[in-house]
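[1] Using only what follows, build the 3D model:
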Amino acid sequence: MKNYTITVNGNVYDVTVEEGQGTGAAPAAKAAPKAAPKAAPKAAPAPKAAGGAGSVKVAASVPGKVFKVEASAGQAVKAGDTLIILEAMKMEIPVVAPQDGTIVSIDVAAGDAVENGDTLATMD
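    Numbers count the residues shown, from 1 in each chain. This next block holds a predicted model:
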């Protein structure tokens, strides 16, 4: 038997797997949940830098696919306006402007795959 510690969606499991005889059948596994360490709180968005083009980065909060781009470069937006819609786990998740400003660039297109933390757009 072999013991493994596996983390799935932030839950930590101790898993014991029996070694098989190569019959092609999947070996039996026993999992016992274990307390997962708490993730550190996310840092607050950086304050707006003076004078830099695209000083505020708008990042993906989840991995997924860009479903729709609703803003364009040069567009003035208010805090909370939807810029991009991501599709993840069959849900549509709006990515909103963190503050009032102007869109400097949209760095993704509909259909692009994105990871958590990827920059989707920049704004001033």
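
[2] which residues touch stretch 77-86?
    58, 60-62, 64-71, 92-103, 106, 108, 114, 120-121, 123 (C-beta atoms under 8 Å, 6 or more residues apart in numbering). Every residue, glycine included, has its C-beta placed from N, CA and C.

[3] Quick one: end-to-end distance for it.
    End-to-end span of stretch 77-86 (C-alpha to C-alpha, to the nearest Å): 19 Å.

[4] buried residues in it?
    Going by neighbour count (16 or more other C-beta atoms under 10 Å), the buried part of stretch 77-86 is V77, D81, L83, I84, I85, L86.

[5] How far does stretch 56-71 sit from its chain's centre?
    The chain centre lies 9 Å from the centre of stretch 56-71; the measure is C-alpha atoms, centre = their mean, to the nearest Å.

[6] Buried residues, that stretch. List them.
    Those buried within stretch 56-71 under the rule 16+ other C-beta under 10 Å are V56, K57, V58, A60, G64, V66, F67, V69, A71.

[7] quick one: which two of the residues you listed are the most distant?
    Largest separation among these by C-beta to C-beta: V56 and F67, giving 22.4 Å.

[8] Any idea which helix or strand in the protein has the lowest mean pLDDT?
    strand 29-34 (a mean of 58; mean pLDDT, DSSP states H and E).

[9] so of the contacts of stretch 77-86, which ones are in strands?
    The strands, defined by DSSP state E, take in 58, 64-69, 92-96, 101-103, 106, 114, 120-121, 123 from the contacts of stretch 77-86.

[10] quick revisit: any chance of the buried residues of stretch 77-86 in a markdown table with secondary structure and pLDDT as columns?
    What follows is the buried residues of stretch 77-86, written out as a markdown table (DSSP: H, G, I helix; E, B strand; the rest coil; pLDDT from 0 to 100):
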| residue | secondary structure | pLDDT |
| --- | --- | --- |
| V77 | strand | 93 |
| D81 | coil | 93 |
| L83 | strand | 94 |
| I84 | strand | 95 |
| I85 | strand | 94 |
| L86 | strand | 94 |
